[in-house]
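In: sharing a model that was predicted from the sequence below.
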There are 4 protein chains.
Amino acid sequence: MGNTVRFGISLDEKLLESFDQLIEQKSYMNRSEAIRDLIRASLVEERLGSENQQAVGTVTLVYNHHVRDLSDKLTDHQHSHHHQIISALHIHLDAHNCLEVLVVRGKVREIKKIAHELISVKGVKHGRLVMTTTGDDL
Amino acid sequence: MGNTVRFGISLDEKLLESFDQLIEQKSYMNRSEAIRDLIRASLVEERLGSENQQAVGTVTLVYNHHVRDLSDKLTDHQHSHHHQIISALHIHLDAHNCLEVLVVRGKVREIKKIAHELISVKGVKHGRLVMTTTGDDL
Amino acid sequence: MGNTVRFGISLDEKLLESFDQLIEQKSYMNRSEAIRDLIRASLVEERLGSENQQAVGTVTLVYNHHVRDLSDKLTDHQHSHHHQIISALHIHLDAHNCLEVLVVRGKVREIKKIAHELISVKGVKHGRLVMTTTGDDL
Amino acid sequence: MGNTVRFGISLDEKLLESFDQLIEQKSYMNRSEAIRDLIRASLVEERLGSENQQAVGTVTLVYNHHVRDLSDKLTDHQHSHHHQIISALHIHLDAHNCLEVLVVRGKVREIKKIAHELISVKGVKHGRLVMTTTGDDL
């Protein structure tokens, strides 16, 4: 983190009122923090558009653990990408359903490929990938 | 539009440098305008989350006009919603394919319903709905 | 359009019931048409992920036409991209606000760039880009 | 899981070829599994549109653990929602940056509110919420 700088922005009064309501509703402490979040989110969105960007992804999978060989297949996939899949969290949703969150680190392209492989495994009911920054550039 | 007010925000120097690069790349004239756009976009996003909010939608449809009865069906749908569908633009993409953009005004819920009806018509190859503000609250 | 082929898919009975409810709600005539739409949408999504893919975009802009020079600036932008911006539709939303939908054809990368330029013009309250297929590959 | 049923769908030959390429690229074993995934994803998307739907969310946060009081604040937030936040995974991205994934269970509305509260804490650089099914209806 470098130095903090300060600058002014001008805004229509009514627009500012609406924004103040929104940031209260979203629990922000003040305008600066809310605007910094908008700025960081726009930077992250832009960077994740590039396939070679280093990023971190979380892959959320919901599956039925009774499906034959499913857990083994998921574990195999994870081990074959052990350089990228750095951690996993397992939740027992009910007697049948599991949720697994895998944290994947690498280039945007690699993260997407690994997510597709995991989501396409037979027995996985639903899968979602979300990507974020590695944090060192923000 | 009311009065213009001015306030200051503080930011890490490196974050500001990255943001300045992004706003140049996105062709913004200055920081204020870029931040106003982020603020307005966050307000629009929040409001469109509410099904009863008044909004404007554009429905983009790509279809093959050779498909029997398709143009008639699309026209019928539009007329049965003539209070909401306020205008249409037609583009001849090539000898077979047409693109049609319909502008729909109403509650978020109604706009979604009309979009689903149009996109589901047989022969429509692809359809997308995008919603925006009516402008009077921004 | 080539020949029509037919194949079978197997599905859990309860999942099929839920899907049948969804396709009725979305106004599809039958399962085949609903599934074809899902297939086409997944293909379009995949292709639009590639920056060099030919595509069609619609840029929806909401702006206050009283803002000095705004209409002129938007028109200038459009003329400087007249090879890509093939058509425009203008709607008078109320006494102050206008909605303009521009249809842009070109590579995904070019369409995004043009959309950014238009959305960033001072006085544009909100802008959205949505992309679709040119139709010849579906 | 109920009984498995089978039905046929008809498709243009060229569209099927394109789809077969896509499902190979996405590592699906066969068409049935790929289509079941599209069907389940469309059901989940529809249901998550309703604010009262039971769901599971994963909130991914990236933050600098050197920021004063940040870890304490995040822990406080988590404990005040201990009925909904069922688990957390912590990753050390580098000497400064942490990634935390929280699994939140509840109504769509509650999950969004908790995610906003966490993402808006000062020092959180980036946050993303993704929601999925509890699995019992798919």
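Out: Perfect, I can see it now.

In: now do the domain split for chain A, please.
Out: A:13-48, A:54-132 (automatic domain parsing).

In: buried stuff in the shortest one?
Out: Read that as domain A:13-48. A:15-16, A:18-19, A:22-23, A:26-28, A:31-44, A:47-48 (16 or more other Cβ atoms under 10 Å in any protein chain shown). (Glycine included, C-beta is placed from N, CA and C.)

In: shouldn't residue A:70 be in contact with residue A:61?
Out: No: judged on Cβ atoms under 8 Å, residue A:70 makes no contact with residue A:61 at a distance of 10.1 Å.

In: who has more neighbours out of these two?
Out: For residue A:70 and residue A:61, the more surrounded residue by other Cβ atoms under 10 Å in any protein chain shown is residue A:61, and the numbers stand at 24 against 17.

In: quick check: neighbours shared by residue A:70 and residue A:61?
Out: Counting by Cβ atoms under 8 Å, 6 or more residues apart in numbering or on different chains, the contacts common to residue A:70 and residue A:61 are residue A:124.

In: list the contacts of the residue in chain A sticking out farthest from the centre.
Out: Distance to the chain centre peaks in chain A at residue A:13, reaching 34.5 Å (criterion: Cα atoms, centre = their mean). Shown in contact with residue A:13 (Cβ under 8 Å, 6+ apart): B:2-5.

In: any chance of those residues in TSV, plus secondary structure, pLDDT and distance to residue D:103?
Out: Shown next, in TSV, are the contacts of residue A:13 (DSSP: H, G, I helix; E, B strand; the rest coil; pLDDT from 0 to 100; distance: Cβ to Cβ, whole Å):
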residue	secondary structure	pLDDT	distance to residue D:103
B:2	coil	73	44
B:3	coil	91	46
B:4	strand	93	45
B:5	strand	95	41
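
In: most surrounded residue in the residues you listed?
Out: So for these (other Cβ under 10 Å), the most neighbours sit at residue B:5, 14 neighbours.

In: how much space separates that residue from residue A:31?
Out: With the distance defined as Cβ to Cβ, to the nearest Å, residue B:5 ends up 11 Å from residue A:31.

In: can you tell me what sits against the lowest-mean-pLDDT helix or strand in chain A?
Out: Least confident helix or strand, chain A: helix A:70-80 with a mean of 90, by mean pLDDT, DSSP states H and E. Residues outside helix A:70-80 that contact it (Cβ under 8 Å, 6+ apart) are A:61, A:63-65, A:85, A:88, A:100, A:102, A:114, A:117-118, A:121-124.

In: can you tell me which of the residues you listed has the most neighbours?
Out: Top of the contacts of helix A:70-80 by neighbour count (other Cβ under 10 Å): residue A:102, with 27 neighbours.

In: identify the bridge partners of that one.
Out: Residue A:102 has these beta-bridge partners by DSSP bridges: residue A:59, residue A:88.

In: pretty sure it sits against residue A:59.
Out: Yes: counting by Cβ under 8 Å, residue A:102 touches residue A:59, with 4.6 Å between them.

In: intersection of neighbour lists for these two?
Out: residue A:118.

In: low-scoring stretches of chain A, by residue?
Out: Scanning chain A with the threshold set as pLDDT under 70 gives A:1.

In: tell me the helices and strands packed up against the lengthiest helix in it.
Out: Ranked by number of residues, the top helix in chain A under DSSP state H is helix A:31-48. If contacts are counted by 3 or more Cβ pairs under 8 Å, 6 or more residues apart in numbering or on different chains; DSSP states H and E, helix A:31-48 sits against helix A:13-25, strand B:4-12, helix B:13-25, helix B:31-48, strand D:124-132.

In: go again with 7 Å.
Out: strand B:4-12, helix B:13-25, helix B:31-48, strand D:124-132 (3 or more Cβ pairs under 7 Å, 6 or more residues apart in numbering or on different chains; DSSP states H and E).

In: is the last one anywhere near chain A?
Out: Yes: with Cβ under 7 Å from any Cβ of the partner chain as the threshold, strand D:124-132 lies in contact with chain A, specifically through D:125-126, D:128, D:130, D:132.

In: tell me which strands that strand pairs with, and in which orientation.
Out: Short version: by DSSP bridges, strand D:124-132 pairs with strand D:54-64 (antiparallel).

In: buried sites along the partner strand?
Out: Buried residues in strand D:54-64, counting neighbours by 16+ other Cβ under 10 Å, are found at D:54-64.

In: next, the angle from it to helix D:70-80.
Out: Angle, strand D:54-64 to helix D:70-80, by axes from the mean of the first three to the mean of the last three Cα atoms, to 10 degrees: 170 degrees.

In: gap between strand D:54-64 and the chain center?
Out: 8 Å (Cα atoms, centre = their mean, to the nearest Å).

In: same thing with stretch A:54-74?
Out: Counting by Cα atoms, centre = their mean, stretch A:54-74 comes out at 16 Å from the chain centroid.

In: end-to-end on it?
Out: 24 Å (Cα to Cα, to the nearest Å).

In: that older thread, of the contacts of residue A:13, which ones also sit close to chain D?
Out: Checked against chain D using Cβ under 7 Å from any Cβ, the contacts of residue A:13 yield no neighbours at all.

In: which among these gets closest to residue B:109?
Out: residue B:2 (30.3 Å; Cβ to Cβ).

In: I'd guessed the closest one sits against residue A:14; true?
Out: Yes: Residue B:2 sits in contact with residue A:14 when judged by Cβ atoms under 7 Å, with a separation of 4.7 Å.

In: got the CA positions of stretch A:76-84 in PDB?
Out: Extracted in PDB, the C-alpha atoms of stretch A:76-84 (Å, rounded to 0.1, in the frame of the first residue of the first chain):
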ATOM      1  CA  ASP A  76      -8.900 -37.500  -8.800                       C
ATOM      2  CA  HIS A  77      -9.600 -34.300 -10.700                       C
ATOM      3  CA  GLN A  78      -8.400 -32.200  -7.800                       C
ATOM      4  CA  HIS A  79      -5.100 -34.200  -7.500                       C
ATOM      5  CA  SER A  80      -4.400 -33.900 -11.200                       C
ATOM      6  CA  HIS A  81      -4.500 -30.100 -10.700                       C
ATOM      7  CA  HIS A  82      -2.900 -30.000  -7.300                       C
ATOM      8  CA  HIS A  83      -0.700 -27.100  -8.400                       C
ATOM      9  CA  GLN A  84      -3.700 -24.900  -9.000                       C
END
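
In: these two touch, right, residue A:15 and residue B:44?
Out: No: using Cβ under 7 Å, residue A:15 makes no contact with residue B:44, being 11.6 Å away.

In: near residue A:74, how many other residues are there?
Out: Look at residue A:74: counted by other Cβ under 10 Å, it has 22 neighbours.

In: and what of the one 10 residues further on?
Out: Number of residues near residue A:84 (other Cβ under 10 Å) recorded here: 18.

In: what's near enough to touch it?
Out: A:104-106, A:110, A:114 (Cβ atoms under 7 Å, 6 or more residues apart in numbering or on different chains).

In: quick check: closest non-adjacent residue to residue A:101.
Out: With Cβ to Cβ, 6 or more residues apart in numbering or on different chains as the criterion, residue A:101 has its nearest non-adjacent residue at 4.6 Å, and that residue is residue A:89.

In: for residue A:74, see how far away that neighbour is.
Out: Taken as Cβ to Cβ, the span from residue A:89 to residue A:74 is 13 Å.

In: list the contacts for residue A:59?
Out: Residue A:59 sits in contact with A:102, A:104, A:115, A:118, A:127, A:129, where contact means Cβ under 7 Å, 6+ apart.

In: so the second one touches residue A:114, yeah?
Out: Yes: the criterion here is Cβ under 7 Å, and residue A:104 meets it with residue A:114 at 5.4 Å.

In: overlap in contacts of those two?
Out: Residues touching both residue A:104 and residue A:114 (Cβ under 7 Å, 6+ apart): A:84-85.
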